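Student: Provided below are the primary sequence and the corresponding predicted coordinates.
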Amino acid sequence: MGLDEILKLICEIEIKRQRVNVGLFDALGYVFASDIYALRDLPSFDNSALDGYAFAYDDKNIPLKVCASVLAGDMNEYKISKGECYKTMTGAPFAEGCDTLVAIEHANFNENGELLIPGDIKKGNALKLRGEELKKGELLFRAGQILNPSAITMLAAQGIAEISVFAKPRLCVFCTGSEIKEPGEVASNKQIYNSNASAILSLLASNHYGANYLGIIKDNKSSISQTLQHALNSADIVITSGGASKGDADYMASVLGELGFEALFNSIAFRPASPTKLFKKDEKFVLVSPGNPLSCFVACYFVLLTLIRHFLGYKNPLAKTQNATLKSTLHFKSGRDNLIIGSVKDGVFSPYNDGKFSPSQILPLIKSNAFSIANDGISVLEANSKIKIYKF
């Protein structure tokens, strides 16, 4: 199966989602579990858009006595009489009878200190009417929408402190390999540092997902089995790096089979993430990502994040795309989808190193800011072709 088929399969998995209540400060990245309606008008009272003087428009041609100042948060009741006005600050309520405001910088006064209204002022100037932005009972958000900063702002403006959302999956990460060391440890020339854990955890964190990290597990069946069972006790999705291919020391698939997991797929016809595997048992998932750094990053970007977004209840769990124009011609091998790595600027996508890279590399990631995909059957993409890109 190619990448599109794999992602379609993931989005069709039946998930038994749990509802939880979270506070607004912790709500970023969650998904609404139910429709949300406005609890109050917005604004909830007539108020001033500017610092100035509020008055009755019918009195605009006579000098007006300034009665008092009204500040934002003032709970007193004010009512004007003929020939009066109130100094009114931004956000402060309009006194009863006022329907227009002249800004402080446009205000003039006579020798008696009375306000003179400019002749060109329009009725209703700088007045924010109750409910002009939003009426009580209006639909604000539908179930399945994402809680982003603007949504959280609106909820707070409605006085909502807690919101019902779908629970985020509990995530656990570990890496396998007798040849890898953690950053900060001493490594020989024949050992490599573990970049994959940092890649996975930072990719998750950048999308507002936390994970428990269990470290590096040696390449033996017993250690892998024990670690998996420990991880599955507290996680909904376990992400492993390494042990995804068919080497002599790649035990992951056999261990998962012995633990009763079913393989949803054992590979993807997609370079460079072809060894990626996904297993499921009951409501638990294990994603086995490749050990090569670029392959691991790509597998987690496309497969893991899609799975998490689907778990969370996103209406569209797929990564967002943008349109771009390909700068140079590229050629591809058939029989698989092919990743293109590059940089996009001003709508033009420039492939990294003429489209050449190795799954074991990291440099293409730091020299680029976007992916594109040439699906199987595309042998050439000509310069100036219109393509879809994924910013990362």
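Tutor: It's in.

Student: how close does the residue nearest to residue 258 when sequence neighbours are not counted get to residue 252?
Tutor: Spatial nearest neighbour of residue 258, excluding adjacent residues (Cβ to Cβ, 6 or more residues apart in numbering): residue 225 at 7.2 Å. No exception for glycine: its C-beta is placed from N, CA and C like everyone else's. As defined by Cβ to Cβ, to the nearest Å, residue 225 lies at a distance of 10 Å from residue 252.

Student: Between those two, point out the one with more neighbours.
Tutor: residue 252 (22 against 18; other Cβ atoms under 10 Å).

Student: what residues are up against the spatially closest residue to the more buried one that is not a sequence neighbour?
Tutor: In this structure, residue 252 finds its nearest non-sequential neighbour in residue 243, 3.7 Å apart by Cβ to Cβ, 6+ apart. The contact partners of residue 243, by Cβ atoms under 8 Å, 6 or more residues apart in numbering, come to 176, 177, 219, 224, 249, 250, 251, 252, 253, 288, 291.

Student: And the residues you listed, which two are furthest apart?
Tutor: When Cβ to Cβ is used, the two most widely separated members of those are 177 and 253, lying 15.8 Å apart.

Student: Which residue in the contacts of residue 243 has the weakest pLDDT?
Tutor: Lowest pLDDT within the contacts of residue 243 is found at residue 249 (49).

Student: can you pull out the helices in the stretch 151-300 of the chain?
Tutor: 196-206, 221-232, 252-258, 293-299 (DSSP state H, counting those that start in this stretch).

Student: ok, residues contacting the last one?
Tutor: Defining contact as Cβ under 8 Å, 6+ apart, one finds that helix 293-299 is touched by 195-196, 199-200, 203, 241, 268, 272-276, 287, 289-290, 339, 357-362, 364-365, 371.

Student: Need the buried ones from those selected in PyMOL.
Tutor: Selection of buried members from the contacts of helix 293-299 for PyMOL, criterion 16 or more other Cβ atoms under 10 Å:
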select buried, resi 195+196+199+200+203+241+268+272+273+274+275+276+287+289+290+339+357+359+361+364+365+371
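
Student: In strands only, show me the contacts of helix 293-299.
Tutor: Among these, the members falling in strands (DSSP state E) are 241, 287, 289, 339, 371.

Student: Which residues does residue 193 form beta bridges with?
Tutor: Using DSSP bridges, the bridge partners assigned to residue 193 are residue 181.

Student: looking at it, it is touching residue 179, isn't it?
Tutor: No: using Cβ atoms under 8 Å, residue 193 is not in contact with residue 179; the gap is 10.4 Å.

Student: Strands along the stretch 51-200 of the chain, start to end?
Tutor: For the stretch 51-200 of the chain, applying DSSP state E, counting those that start in this stretch gives strands covering 52-55, 65-70, 84-88, 100-103, 108-109, 115-116, 127-128, 139-141, 162-166, 171-176, 180-181, 192-193.

Student: May I see those strands arranged in TSV, with distance to residue 343 as well?
Tutor: Putting these into TSV (distance: least, Cβ to Cβ, whole Å) gives the following:
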stretch	distance to residue 343
strand 52-55	50
strand 65-70	55
strand 84-88	52
strand 100-103	47
strand 108-109	57
strand 115-116	59
strand 127-128	45
strand 139-141	35
strand 162-166	35
strand 171-176	28
strand 180-181	29
strand 192-193	26
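
Student: of those, which approaches residue 154 most closely?
Tutor: strand 139-141 (6.2 Å).

Student: now that closest one: mean pLDDT?
Tutor: Here the average pLDDT along strand 139-141 is 98.

Student: again with stretch 159-173
Tutor: Stretch 159-173 comes out at a mean pLDDT of 98.

Student: mind checking the end-to-end distance for that stretch?
Tutor: 38 Å (Cα to Cα, to the nearest Å).

Student: Now it: buried residues?
Tutor: So, applying 16+ other Cβ under 10 Å, buried residues of stretch 159-173: 160, 163, 165, 166, 167, 168, 169, 171, 172, 173.

Student: if we take the residues you listed, which one ends up nearest to residue 108?
Tutor: Closest to residue 108, out of all of those and judged by Cβ to Cβ, is residue 160, at 44.1 Å.

Student: who's in contact with that closest one?
Tutor: Here residue 160 is in contact with 24, 36, 39 (Cβ under 8 Å, 6+ apart).

Student: Between those residues, which sits nearest residue 335?
Tutor: Closest to residue 335, out of all of these and judged by Cβ to Cβ, is residue 36, at 47.5 Å.

Student: Run a quick check on that closest one versus residue 141, I expect a contact.
Tutor: Yes: contact criterion Cβ under 8 Å: residue 36 and residue 141 qualify, at 4.4 Å.

Student: Against residue 243, how distant is residue 360?
Tutor: Residue 360 is 16 Å from residue 243, by Cβ to Cβ.

Student: same question, residue 309
Tutor: Distance from residue 309 to residue 243, by Cβ to Cβ: 25 Å.

Student: do the same with residue 278
Tutor: Taking Cβ to Cβ, one finds residue 278 at 14 Å from residue 243.

Student: swap in residue 213?
Tutor: For residue 213 relative to residue 243 (Cβ to Cβ), the value is 17 Å.

Student: now the host helix or strand of residue 20: how far from the chain's centre is it?
Tutor: Residue 20 belongs to strand 19-23 when assigned by DSSP states H and E. The chain centroid and the centroid of strand 19-23 are separated by 18 Å under Cα atoms, centre = their mean, to the nearest Å.

Student: Pairing partners for it, with directions?
Tutor: strand 162-166 (antiparallel).

Student: Let's have the buried residues of stretch 159-173 in a markdown table, adding distance to residue 119.
Tutor: Converted to a markdown table, the buried residues of stretch 159-173 look like this (distance: Cβ to Cβ, whole Å):
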| residue | distance to residue 119 |
| --- | --- |
| 160 | 45 |
| 163 | 50 |
| 165 | 54 |
| 166 | 58 |
| 167 | 61 |
| 168 | 60 |
| 169 | 65 |
| 171 | 66 |
| 172 | 71 |
| 173 | 70 |
